[in-house]
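Chemist: Sequence unavailable; structure follows:
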């Protein structure tokens with residue numbers, strides 16, 4: 001009797017071990033340069049893609065079938081510019097004085113869930129408060145909360161009075177002067193200290209604000225705000241800690257200094273011209289456009305009282321320009337990775353970036369690839385971004401054909417991250 005029981009247990013365990021998840025794809029866009037394929041099966045086991053087969057594999061006992069024969073299956077999307085710890089509203093400028101670290105963190109948990117349900121299985125978070133994005137990343141990785149895979153810069157690094165100086169707009173004496181540990185650095189020595197503080201906090205990368213910004217309570221939205229020696233110190237120090245550097249930049253001079261220093265990507269890039277584009281191509285620097293943020297702030301600048309008066313003209317001037325800049329950069333052959341600046345607009349509307357990229361001249365297949373393969377390349381992570389054997393099973397799907405109508409990516413109806421179904 002014991003012998004037969006043992007054999008039965010072995011057989012049951014073997015059946016469980018052989019059980020797969022089979023995703024039937026009417027159309028498969030795999031994120032590589034390959035053309036879309038029809039009638040495919042993606043086979044998933046233990047969180048990884050183990051096979052990709054033509055036709056629809058017959059399910060064995062214990063297999064789970066996810067049927068998207070009437071839809072399009074794609075890699076999980078990657079948004080390379082988010083702010084999961086905040087979301088713009090008319091009260092945002094007051095909330096920075098009233099919200100505590102627990103308030104911000106609880107908001108971030110909700111925004112992370114919304115982002116994942118929109119089909120974004122991985123994000124870069126480029127600037128937070130209270131290191132909440134670092135805690136959120138750790139909680140997601142531990143399975144305590146639901147959200148995308150997060151690579152975070154923690155607190156952005158600024159110069160005194162620059163975009164991301166947290167004391168901008170506050171009266172003197174309300175705050176102590178921020179230090180490199182607070183993300184404000186002046187001179188190469190403090191710049192190095194600021195990078196090391198981010199490493200100590202647990203950040204994955206470094207984010208600098210090398211020019212003025214739209215939403216900061218300061219006059220200029222485009223002036224350079226880091227000197228060359230400061231940028232060189234940041235990049236060299238970050239390299240010691242195996243951290244990439246990305247920069248917020250609207251104005252030309254700030255971009256040129258950052259490119260020369262060796263940064264990995266330019267965010268926004270509003271006033272880039274042919275000289276900047278040529279430098280980016282020569283150095284292999286990625287462009288993360290954030291068209292959605294530009295369109296959103298321009299629209300909200302028309303609403304009385306939404307922004308402080310010092311912000312409103314910047315939003316009206318700079319916001320509408322980013323889509324045109326993107327179109328020129330794409331035609332010039334600059335490398336582009338998908339990024340939205342979600343948080344400047346409502347989380348979960350990240351799909352809008354696809355629509356605006358296509359409007360500006362990028363073919364839908366390339367727009368999808370910018371949010372999959374190209375984004376993974378910029379991250380420097382080789383196990384996501386495409387549907388290939390051995391990669392993590394990050395998979396999303398939509399009814400219909402996004403190559404015919406890119407706007408249907410607003411209605412993602414399947415989300416798997418590491419082979420776990422979060423939305424179906």
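Modeler: Cool, got the structure. Here the structure is a predicted model, which means the values were calculated and not measured.

Chemist: Any figure for the gap between the nearest residue to residue 89 once chain neighbours are set aside and residue 129?
Modeler: Among residues not flanking residue 89 along the chain, residue 95 sits closest, at 7.8 Å (CB to CB, 6 or more residues apart in numbering). Using the backbone N, CA and C atoms, a C-beta is placed for each residue, glycine as well. Residue 95 sits 10 Å away from residue 129, going by CB to CB, to the nearest Å.

Chemist: Tell me the pLDDT of residue 21.
Modeler: Residue 21 is assigned 98 on the pLDDT scale.

Chemist: which residues sit in contact with the residue lying closest to it once chain neighbours are set aside?
Modeler: In this structure, residue 21 finds its nearest non-sequential neighbour in residue 44, 4.2 Å apart by CB to CB, 6+ apart. Contact analysis of residue 44 by CB atoms under 8 Å, 6 or more residues apart in numbering lists 20-23, 50, 393, 395, 416, 419.

Chemist: Please tell me which one of the residues you listed counts the most neighbours.
Modeler: Within these, most neighbours by other CB atoms under 10 Å means residue 395, with 28 neighbours.

Chemist: any idea how far that one is from residue 38?
Modeler: Taking CB to CB, one finds residue 395 at 17 Å from residue 38.

Chemist: Secondary structure element for the residue nearest to residue 21, which one?
Modeler: strand 37-45 (DSSP states H and E).

Chemist: And residue 110, by the same measure?
Modeler: With DSSP H and E as the test, residue 110 turns up in helix 101-117.

Chemist: which residues are in contact with that helix?
Modeler: Contacts to helix 101-117, defined as CB under 8 Å, 6+ apart, come from residues 79, 82, 84-87, 99, 123, 128-130, 132-133, 135-136, 139-140, 145-148, 150, 342-343, 347-348, 350, 412, 415, 417, 422-423.

Chemist: Tell me the first helix or strand C-terminal of it.
Modeler: The helix or strand immediately downstream of helix 101-117 is strand 120-125, counting by DSSP H and E.

Chemist: Compute the inter-axis angle for that following strand and helix 101-117.
Modeler: Strand 120-125 runs at 140 degrees relative to helix 101-117, counting by axes from the mean of the first three to the mean of the last three CA atoms, to 10 degrees.

Chemist: on that earlier part again, now the strand holding residue 44, how far from the centre of its chain.
Modeler: Relative to its parent chain, strand 37-45 has a centroid offset of 26 Å by CA atoms, centre = their mean, to the nearest Å.

Chemist: Report the rounded mean pLDDT for stretch 406-419.
Modeler: For stretch 406-419, the per-residue pLDDT averages 98.

Chemist: domains of the chain?
Modeler: Following automatic domain parsing, one gets these domains for the chain: 19-76+386-423, 77-379.

Chemist: Of the ones you listed, flag the one that's most buried.
Modeler: Neighbour counts (mean count of other CB atoms under 10 Å) averaged over each of the domains of the chain peak at domain 77-379, with a mean of 21.

Chemist: and the end-to-end length of that one?
Modeler: Start and end residues of domain 77-379 are separated by 13 Å (CA to CA, to the nearest Å).

Chemist: Distance from the chain centre to it, please.
Modeler: Averaging C-alpha positions (CA atoms, centre = their mean) puts domain 77-379 9 Å from its chain's average.

Chemist: for the closest residue to residue 341 other than its chain neighbours, helix, strand, or coil?
Modeler: Nearest in space to residue 341, with sequence neighbours left out and distances taken as CB to CB, 6+ apart, is residue 293 at 3.4 Å. Following DSSP: H, G, I helix; E, B strand; the rest coil, the label given to residue 293 is helix.

Chemist: correct me, but residue 293 touches residue 345?
Modeler: Yes: contact criterion CB atoms under 8 Å: residue 293 and residue 345 qualify, at 6.3 Å.

Chemist: can you list contacts of stretch 223-232?
Modeler: Residues outside stretch 223-232 that contact it (CB under 8 Å, 6+ apart): 158-159, 162-163, 185-188, 191, 208-212, 234, 251, 253-254, 257-258, 260-263.
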